[in-house]
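Colleague: take this sequence and fold it.
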Amino acid sequence: MWHAIQWIRSLFFIIQMYIMLPIVGFGMAPFVYLKPSLAFGVIRFYCNWVRWTASWMVGLKTEIRGEIPDGAVIVASKHQSFLDILLLSAALPRIKFIMKAELRFVPVISLYARFTNSIPVKRGKRGAAIKKMISDVKTGQQEAGQLIIFPQGTRVAAGAKKPYKVGAYVLYEQTGQAVVPAATNVGVFWKRHGLMRYPGTAVLEFLDPIEPGKSQKEFMEAMETAVETHSDRLMREVGFGEGA
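Modeller: Sure, this is the predicted structure:
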């Protein structure tokens, strides 16, 4: 019975979440066109709306831990579901993403990706897009902000393992910026697939930055160890894997 009731609650939560997306996004678009910097506030408002409705509609509370970076950094985050994207977007003041080129054609998302200088990347053209982003930042054509990269390249279910790709190091080495690893346990409550949302406390945690100057091997080991170790800890905190 509990499972059926929670599923219904989850369904209503998801419906209202996607109804609010165009209402907020398109409703605020005229103001954002006049003042593009408002885009970040609109994004934070929507993400915090989802966090608030999740807390009382499905019993899923959210928490952001650690020192939130506000300068020009790269954030290398564990990616378990759409919820970690929402928490990153709610926390960071000048967020931007390296995103799939196909998202350029998705209403609302494509609009705000453009306003925040997020980078659409075609398959096989990632290097060129990154070089242009670095050039634009250096010449002052766009603000550096906090660039989000998912170093495993895709969503990874809670408890699953997937290798880390070298793209994060390429950005780290070419930009000369620090990389802030971020760990999460959101996949325990908001899974990659399906409608069910589980009650509990989902956490996104910003970790100690990896300062410039490390070799590829040192950097990759430091990033993966930080993200995986702390994500595993956060999942254990909420009982994930107990009795397995």
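Colleague: every contact and neighbour count from this point should use C-alpha atoms.
Modeller: OK.
Colleague: what's near enough to touch the residue nearest to Arg65 when sequence neighbours are not counted?
Modeller: Once flanking residues are discounted, Arg65 sits nearest to Glu205: 4.5 Å by C-alpha to C-alpha, 6 or more residues apart in numbering. Counting by C-alpha atoms under 8 Å, 6 or more residues apart in numbering, Glu205 touches 64-66, 182-184.
Colleague: can you classify Glu205 by secondary structure?
Modeller: Put simply, Glu205 is strand when judged by DSSP: H, G, I helix; E, B strand; the rest coil.
Colleague: that one pairs with what?
Modeller: Arg65, Ala183 (DSSP bridges).
Colleague: from Gly187, how far off is it?
Modeller: Distance of Glu205 to Gly187, computed by C-alpha to C-alpha, to the nearest Å: 14 Å.
Colleague: can you map out the strands along the protein?
Modeller: 60-65, 73-77, 95-100, 119-121, 146-149, 179-184, 200-206 (DSSP state E).
Colleague: quick one: average confidence on the third one?
Modeller: Throughout strand 95-100, pLDDT has a mean value of 80.
Colleague: counting by contacts, list what that strand packs against.
Modeller: Counting contacts by 3 or more C-alpha pairs under 8 Å, 6 or more residues apart in numbering; DSSP states H and E, strand 95-100 is packed against strand 119-121, strand 146-149.
Colleague: in JSON lines: those strands, plus distance to Glu224.
Modeller: Below are the helices and strands packed on strand 95-100 laid out as JSON lines (distance: least, C-alpha to C-alpha, whole Å):
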{"stretch": "strand 119-121", "distance to Glu224": "24"}
{"stretch": "strand 146-149", "distance to Glu224": "13"}
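Colleague: return the helix or strand in this structure with minimum mean pLDDT.
Modeller: When each helix and strand of the chain is scored by mean pLDDT, DSSP states H and E, helix 126-138 comes last, with a mean of 59.
Colleague: any stretches of this protein with poor pLDDT?
Modeller: Within the chain, the stretches with pLDDT under 70 are 101, 103-104, 122-144, 242-244.
Colleague: just give me the residue closest to the centre of it.
Modeller: Ile85 (2.9 Å; C-alpha atoms, centre = their mean).
Colleague: need the contact list for that residue.
Modeller: By C-alpha under 8 Å, 6+ apart, the neighbours of Ile85 are His79.
Colleague: against Lys78, how distant is it?
Modeller: Distance, Ile85 to Lys78, by C-alpha to C-alpha: 10 Å.
Colleague: again with Asp208
Modeller: For Asp208, the distance to Lys78 (C-alpha to C-alpha) stands at 15 Å.
Colleague: the two: which is more packed in?
Modeller: Lys78 (30 against 14; other C-alpha atoms under 10 Å).
Colleague: report the two of the contacts of Glu205 separated the most.
Modeller: Maximum pairwise distance in those, criterion C-alpha to C-alpha, is 11.7 Å, between Gly66 and Thr184.
Colleague: name the residue in these two with the higher neighbour count.
Modeller: Using other C-alpha under 10 Å, the more surrounded residue of Gly66 and Thr184 is Thr184, with 29 against 11.
Colleague: report the contact partners of the closest residue to that one other than its chain neighbours.
Modeller: Leaving out its chain neighbours, the residue that sits closest to Thr184 by C-alpha to C-alpha, 6+ apart is Leu204, at 4.6 Å. Neighbouring residues of Leu204 by C-alpha under 8 Å, 6+ apart: 63-65, 84, 87-88, 182-186.
Colleague: rerun that using 7 Å as the cut-off
Modeller: Contacts for Leu204 were tallied using C-alpha atoms under 7 Å, 6 or more residues apart in numbering; they are 63-65, 84, 87, 182-184.
Colleague: would TSV of the residues you listed with distance to Ile119 be doable?
Modeller: Shown next, in TSV, are these (distance: C-alpha to C-alpha, whole Å):
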residue	distance to Ile119
Glu63	27
Ile64	25
Arg65	27
Asp84	19
Leu87	19
Ala182	20
Ala183	23
Thr184	24
